[in-house]
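**Student:** requesting a structural model of the entry that follows:
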Amino acid sequence: MNLRPVFVCCLLAASILHAADSAMLDLVPPGASFVIGVRTRNVFESAMAKAMTDEMRKASLELNQIMSLTGFDPFRDVDELLVAAMGEGKNAPGLIIVRGRFEAARKKAGGTPYKGVSISGSMKSATAFLDDSTMIAGDRPVVRAAIDGRGKGADAALREKITDLAGRYDIYGFGKLPEGAVPAGAAGSAAKGIEQFQFGINVARGIDFNAEIRARTDQDAQSINQAVQLVTAMMTQQQGTADIARNLSVKMNGRTLRLAVNIPEDELMKAAWPDRLWGIPMDSR
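**Tutor:** Numbering: from 1, shown residues only. The predicted structure follows:
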């Protein structure tokens, strides 16, 4: 069997995927301290997401009107999304990078020209379509800086980290926990002891979740572990989350806490819609 054509096709596919990833990485602000990525096409194709988006389309007249006016359907036209923040604190500047199909939305968008790109929005926040497949949004100075620095973007270490996680997960994130990301109380106090975090989620057949948390001190590690155990105990008492809690694995190794849980698709759908099965009312089966 001649494998050369197959090998060539694989190389071409890899180069196309790499080019798409590079287009986003070239826009990630250098030195980003917090990154969240979503391979939205994979997520929207999951059974859970399809059920949720179907209900949202039916229930939200406003959403349907917006999609009709803009010619943009977020459930169909978005392939991948990256959120990157710089610095720390509740109001740290950030940038949202979206890849998809924006030709119709781009034609209808107004804005002020800036280096060949139209920027719309307010003096504080802005949105810009760089081309028919790339949209960025965030604080206006950050949006302008992203346009100024096109082709540069993230440093080598940051690129490698994003590429690795994007290749393994549908939803992923890493960095320092932003201030205000967790509610006040015991969980919030424990979260202040987090030095670094990383997580990944796959949604093709339910939810497969893995996370790693690095605490600042040994005492912080114990506080985080206790908070996780408390939340797990509370989940075991609630209908719909008990099975999830029983499947949760929590392991401590020094100041590093690792969490993992796998929720099969049928359990996930049952927890989301106790009176339904795969989005079909139980009494109609």
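
**Student:** ok, V117 to L130 distance?
**Tutor:** In this view, V117 and L130 are 6 Å apart by CB to CB, to the nearest Å. Every residue, glycine included, has its C-beta placed from N, CA and C.

**Student:** which positions within stretch 213-230 qualify as buried?
**Tutor:** I213, R214, A215, D220, A221, Q222, S223, I224, N225, A227, V228 (16 or more other CB atoms under 10 Å).

**Student:** could you identify the helix or strand that succeeds the helix or strand encompassing the fifth one?
**Tutor:** The secondary structure element spanning A221 is helix 218-236 (assigned by DSSP states H and E). Using DSSP H and E, the next helix or strand after helix 218-236 towards the C-terminus is helix 242-247.

**Student:** run the chain-centre distance for that following helix.
**Tutor:** Remark: helix 242-247 is offset 24 Å from the chain centroid, using CA atoms, centre = their mean, to the nearest Å.

**Student:** do the same with stretch 218-231
**Tutor:** 25 Å.

**Student:** residues in contact with it?
**Tutor:** With contact meaning CB atoms under 8 Å, 6 or more residues apart in numbering, stretch 218-231 is reached by 186-187, 189-195, 213, 215, 250, 252, 254-257, 259.

**Student:** and if we set it to 10 Å?
**Tutor:** 182, 185-195, 211, 213-217, 241, 245, 248, 250-257, 259 (CB atoms under 10 Å, 6 or more residues apart in numbering).

**Student:** just the buried ones out of those residues, please.
**Tutor:** 182, 190-191, 193-194, 211, 213-215, 241, 245, 248, 255, 257, 259.

**Student:** pLDDT score for the spatially closest residue to G87 that is not a sequence neighbour?
**Tutor:** Using CB to CB, 6 or more residues apart in numbering and skipping the chain neighbours, the partner closest in space to G87 is S33 (6.3 Å). Note on S33: pLDDT of 87.

**Student:** select from the buried ones among the contacts of stretch 218-231 every entry located in strands.
**Tutor:** I194, A211, I213, R214, A215, L257, L259 (DSSP state E).

**Student:** go through those and say which is closest to G173.
**Tutor:** Nearest to G173 among those, counting by CB to CB, is A211 at 9.1 Å.

**Student:** my read is P30 is in a helix, agree?
**Tutor:** No - applying DSSP: H, G, I helix; E, B strand; the rest coil, one finds P30 to be coil, outside a helix.

**Student:** just give the closest residue to it, not the sequence neighbours.
**Tutor:** D155 (5.7 Å).

**Student:** that neighbour: how many residues sit nearby?
**Tutor:** Number of residues near D155 (other CB atoms under 10 Å) recorded here: 13.

**Student:** I'd guessed it sits against D26; true?
**Tutor:** No - using CB atoms under 10 Å, D155 is not in contact with D26, being 11.8 Å away.

**Student:** for the host helix or strand of R76, the averaged confidence score.
**Tutor:** In this assignment (DSSP H and E), R76 forms part of helix 74-77. Mean pLDDT, helix 74-77: 74.

**Student:** helices or strands up against it?
**Tutor:** Applying 3 or more CB pairs under 10 Å, 6 or more residues apart in numbering; DSSP states H and E, we find helix 74-77 packed against helix 40-44, helix 47-59, helix 61-70, strand 94-100, helix 103-108.

**Student:** show me what counts as buried in the last one.
**Tutor:** This means helix 103-108. A105, R106.

**Student:** so how far is it from its chain's centroid?
**Tutor:** With CA atoms, centre = their mean, you get 24 Å for helix 103-108.

**Student:** again with the shortest one
**Tutor:** In terms of CA atoms, centre = their mean, the centre of helix 40-44 is found 10 Å from the chain centre.
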